[in-house]
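Colleague: Here you go, sequence then predicted model.
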Amino acid sequence: MTFQAPDPVLVLASQSATRRTLLERAGLRFEALPAAVDEAALKESAQAEGIPADDAAIMLAEAKAERIARRIPDALVIGCDQLLTCRMEDGKERWFDKPADLGAARAQLLALRGRTHRLVTATVAWRGGARIWQDVSVPRLTMRSFSEAFLDAYLAAEGEVLCASVGGYRLEALGVHLFSRVEGEHSAILGLPMLPLLGFLRGHGVLTG
């Protein structure tokens, strides 16, 4: 059973396996195409210019959607981005990236331990050469004060897959043991807020009912 109209073609400007799974489980038909965007350069520029994380996430999501939309102008293209920010002891907000290796993941999780961080999750839709919708969802997650022995066991159990996550954890797997409190839509934490997206798709005539 599907509630999706045959037109327009829906394209996800991402090759994230998690985002693909979220759309598939919702019964959507779509293509997934990678967007060749220099995310590191865009983030560095945004921080240098003092652009807030929420605006930077939208900027990155839009860059991805626009890149694919220019190639397929008749499609409805969904671009996504997620930034992790945390206010540290010095009072400054720090942006975190996907860890380069397990050593970096360990250092990142220790930095986040006992603190509340934000997952700024931006979604943008492009069609016909223009942005037609955007959403920013900001789940807040509080890590408990776990021991380093627990952390090492966690890293050994999960392995290199953690390096594909901006947080260095997978909440949908063993990462749930890292937290004492989670606020926000679960799919937004995973990188694609499904409730706002489905609402937009219904309003745009892509979904019926």
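Modeller: Structure's in. What do you need?

Colleague: CA atoms for contacts and neighbours, from now on please.
Modeller: OK.

Colleague: For Val120, see how far away Leu23 is.
Modeller: Distance, Leu23 to Val120, using Cα to Cα, to the nearest Å: 19 Å.

Colleague: who has more neighbours, those two?
Modeller: Between Leu23 and Val120, counting by other Cα atoms under 10 Å, Val120 is the more crowded of the two (24 against 17).

Colleague: Would you mind pointing out the helix or strand that one falls in?
Modeller: Assigned by DSSP states H and E, Val120 falls within strand 116-127.

Colleague: Mean confidence (pLDDT) on that strand, please.
Modeller: Averaged over strand 116-127, pLDDT sits at 97.

Colleague: where's it relative to the chain centroid, distance-wise?
Modeller: 6 Å (Cα atoms, centre = their mean, to the nearest Å).

Colleague: Show me what counts as buried in it.
Modeller: 116-127 (16 or more other Cα atoms under 10 Å).

Colleague: do the same with stretch 88-100
Modeller: The neighbour-count check on stretch 88-100 (16+ other Cα under 10 Å) flags 95, 97-99 as buried.

Colleague: By mean pLDDT, point me to the weakest helix or strand of the chain.
Modeller: Every helix and strand in the chain was compared by mean pLDDT, DSSP states H and E; the lowest is helix 39-48, with a mean of 90.

Colleague: so how far is that one off the chain centroid?
Modeller: With Cα atoms, centre = their mean, you get 16 Å for helix 39-48.

Colleague: outside of that helix, which residues touch it?
Modeller: The contact list for helix 39-48, computed with Cα atoms under 8 Å, 6 or more residues apart in numbering, reads 52, 56, 60.

Colleague: and with 7 Å instead?
Modeller: For helix 39-48, contacts defined as Cα atoms under 7 Å, 6 or more residues apart in numbering pick out 56, 60.

Colleague: Quick one: name whatever helix or strand follows it.
Modeller: With DSSP H and E, the next secondary element past helix 39-48 is helix 53-71.
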